[in-house]
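Asker: Give me a model of this one.
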Amino acid sequence: MFDRLNQYIKALDFESISNERREVLAPFIDYLQDKVNAGGHILLNFICTHNSRRSHLAQIWAQAMAGYFHLNQVQCYSGGTSATAIYPLIIQTLENVGFQATKLSENENPVYAFKHNANAHPVIAFSKTYGHPFNPAIGFAAVMTCSDADENCPFIPGTEKRISLNYKDPKAFDHTPSQHSKYEERSRQIATEMFYVFSKIKNL
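Answerer: Below is the predicted model of the structure:
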C-alpha cells in the first residue's frame, strides 16, 4: 500500500457510519462472507447511471480495501446504464489521497489505471455500460451505487446477487465553490464504508 494512502485509510473512522447505513451495508457483508466461505473468486460490478463518478469511487475503493485486508480473491468492476467518461475531479480526488493514476489513452472516454500498491494489479477504469465485455458476464454481484440506476434496472443479466448502496451524487456541486470539498466528502464516505465492510470479512 502506498504510504500516503495507507495513512489516509488508517485515519478513517467507521464509527461515523450511522446505524441506518450499517443496515444498508449488512447484505453486502453477508454476501462477501458467504463467498469467502465458499472459496473461489468474488466478482463485484459497481453500477451507476453514467459510470462517471460514484461507481468508479466505489470500484477503486473496494479494490483497495480488499487489498488492505488481504482478500486477494476479490475483483472489482464498474459500469453504467450508458457510457460517458470518468469525471476529471474523480481522478484528482483519488490522487490527492494517495492513489497512483496513469492515463492509458487519449480520447473522449479515456482509460486509466489506478494503483493502491506498487505491486498490485491496477484497476483499469473507463466509462462503460454494465454489460460491456470488459466486465464479468456471470456470477457477479451487482452493487448499485445510485438510486436512478437502481430504479431503472430491474434486471441485470448474469448477476447472482443485487445489492443497493446508493450514494448521493457529487455532480450536484459541479462548478460551485464547494465542488472539491463535496467530491472529497463523497469519496471519504465510500472509503469509510468500504473499510467497514471489508474489515468485517473473516478470510479463511
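Asker: list the contacts for Thr93?
Answerer: Contacts for Thr93 were tallied using C-beta atoms under 8 Å, 6 or more residues apart in numbering; they are 57, 180, 183-184, 187. Quick note: C-beta positions are derived from backbone N, CA and C, even for glycine.
Asker: and what of Ala101?
Answerer: 91, 94-95, 112-114.
Asker: ok, what's across the strand from it?
Answerer: With DSSP bridges as the criterion, Ala101 is bridged to Phe114.
Asker: quick one: the helices in this protein?
Answerer: For the chain, applying DSSP state H gives helices covering 3-10, 19-38, 54-68, 88-96, 147-152, 179-199.
Asker: just flag whichever of those has the lowest average confidence.
Answerer: Mean pLDDT values for these show the minimum at helix 147-152, a mean of 69.
Asker: now for the chain, which residue lies nearest the mean position of the chain?
Answerer: In the chain, the C-alpha nearest the mean C-alpha coordinate belongs to Ala58, at 1.6 Å (C-alpha atoms, centre = their mean).
Asker: Wait, that one touches Ala142, no?
Answerer: No - contact between Ala58 and Ala142 fails when scored by C-beta atoms under 8 Å: they sit 11.9 Å apart.
Asker: if we can go back for a sec, for the residue nearest to the centre of the chain, which non-adjacent residue is closest in space?
Answerer: Spatially, and ignoring its direct neighbours in sequence, Ala58 is nearest to Phe46 (4.2 Å; C-beta to C-beta, 6 or more residues apart in numbering).
Asker: Also Tyr167?
Answerer: Once flanking residues are discounted, Tyr167 sits nearest to Arg54: 4.9 Å by C-beta to C-beta, 6+ apart.
Asker: Please apply the same query to Phe140.
Answerer: Excluding the flanking residues, the one nearest Phe140 by C-beta to C-beta, 6+ apart is Leu43, at 3.8 Å.
Asker: Contact partners for the one you found?
Answerer: By C-beta under 8 Å, 6+ apart, the residues touching Leu43 are 75, 77, 136, 139-141.
Asker: For Ala125, see how far away it is.
Answerer: 16 Å (C-beta to C-beta, to the nearest Å).
Asker: Now, of the contacts of Ala101, which are buried?
Answerer: The neighbour count (16 or more other C-beta atoms under 10 Å) marks 91, 94, 112, 114 as buried among the contacts of Ala101.
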